[in-house]
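**Student:** Show me the folded form of this:
(2 chains)
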Amino acid sequence: SQQGEEDPQALSIQEGENATMNCSYKTSINNLQWYRQNSGRGLVHLILIRSNEREKHSGRLRVTLDTSKKSSSLLITASRAADTASYFCALNSGGSNYKLTFGKGTLLTVNP
Amino acid sequence: KAGVTQTPRYLIKTRGQQVTLSCSPISGHRSVSWYQQTPGQGLQFLFEYFSETQRNKGNFPGRFSGRQFSNSRSEMNVSTLELGDSALYLCASSPGLAGGPYDQETQYFGPGTRLLVL
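**Tutor:** Numbers count the residues shown, from 1 in each chain, chains lettered A, B, ... in the order given. Predicted structure coming up:
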């Protein structure tokens, strides 16, 4: 079934550095969303990018989408210790806007 | 604004028992989805309800069921619990309709119910 695959599985950086996570998928999508999860708690929605969009920004977050390569990237600039979390890409393949298929996530650790 | 709430937050059951989890969506949201999260399988979609009707269903056995009430609150039930049902169960709500302060295509998640089956 359609599932995003995040890369890398884990990433460790220092505060102030930028963090980049990638998501690849195999079939067409309606939109792609990024979520953050802290220590097995609920997911927090970060950003949604539609299939006809190429780039979106939200604060320190920048998301790109390349539908020809079936890939997306999430860039967090000037990272902080509070950004330590797991980051998931979630795919909506159309049909219903309310069924999301999640990847396994990238565990980001930001060291103070 | 109040977010999605889930009760209980933690639950311990034994194999063979059944369990009911509850989810209250954001006020005005009509769509409620349920997900199961385990270390091995990650986040998996269980089902989605809109206006008391199940619109989508994931690949889970019939032991997993749900329902939605007229006030959009939702419950999910797992019967004959197995050890493998130990997981974090997440509920998410969406407006279900365009307009309003919430993005129609975004899902807003609750804190989850952590179920441990012994």
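
**Student:** what are the pairing partners of the helix or strand of chain A with the lowest mean pLDDT, and which direction each?
**Tutor:** One helix or strand of chain A scores below all others by mean pLDDT, DSSP states H and E: strand A:5-7, with a mean of 87. When sheet partners are counted by DSSP bridges, strand A:5-7 sits next to strand A:19-24 (antiparallel).

**Student:** can you list the residues of chain A near chain B?
**Tutor:** A:1, A:31, A:33, A:35, A:40-45, A:48, A:88, A:90, A:92, A:95-105 (Cβ under 8 Å from any Cβ of the partner chain). The C-beta positions use only the backbone N, C-alpha and C, and glycine is treated the same way.

**Student:** The same query, at a cut-off of 10 Å, please.
**Tutor:** A:1, A:3, A:30-31, A:33, A:35, A:37, A:40-48, A:50, A:88, A:90, A:92, A:95-105 (Cβ under 10 Å from any Cβ of the partner chain).

**Student:** Can you turn the buried part of those into a ChimeraX selection?
**Tutor:** Only the buried entries of these go into this ChimeraX selection, using 16 or more other Cβ atoms under 10 Å in any protein chain shown:
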select /A:3,31,33,35,37,41,42,43,45,46,47,48,88,90,92,97,98,99,100,101,102,103,104,105
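
**Student:** Return the set of buried residues in the worst-scoring helix or strand of chain B on mean pLDDT.
**Tutor:** Least confident helix or strand, chain B: strand B:53-57 with a mean of 90, by mean pLDDT, DSSP H and E. Neighbour counts over strand B:53-57 (16+ other Cβ under 10 Å) mark B:55-56 as buried.

**Student:** so how far is it from its chain's centroid?
**Tutor:** Centroid separation between strand B:53-57 and its chain, computed with Cα atoms, centre = their mean, to the nearest Å, is 12 Å.

**Student:** tell me which strands and helices it is in contact with?
**Tutor:** strand B:31-38, strand B:42-50, strand B:64-68 (3 or more Cβ pairs under 10 Å, 6 or more residues apart in numbering or on different chains; DSSP states H and E).

**Student:** what about A:Ala82, which SS state?
**Tutor:** Following DSSP: H, G, I helix; E, B strand; the rest coil, A:Ala82 is assigned to helix.

**Student:** For chain A, see how far away the residue nearest the centre of chain B is.
**Tutor:** By Cα atoms, centre = their mean, chain B has its centre lying nearest to B:Trp34, at 3.0 Å. Distance, B:Trp34 to chain A, by Cβ to the nearest Cβ, to the nearest Å: 11 Å.
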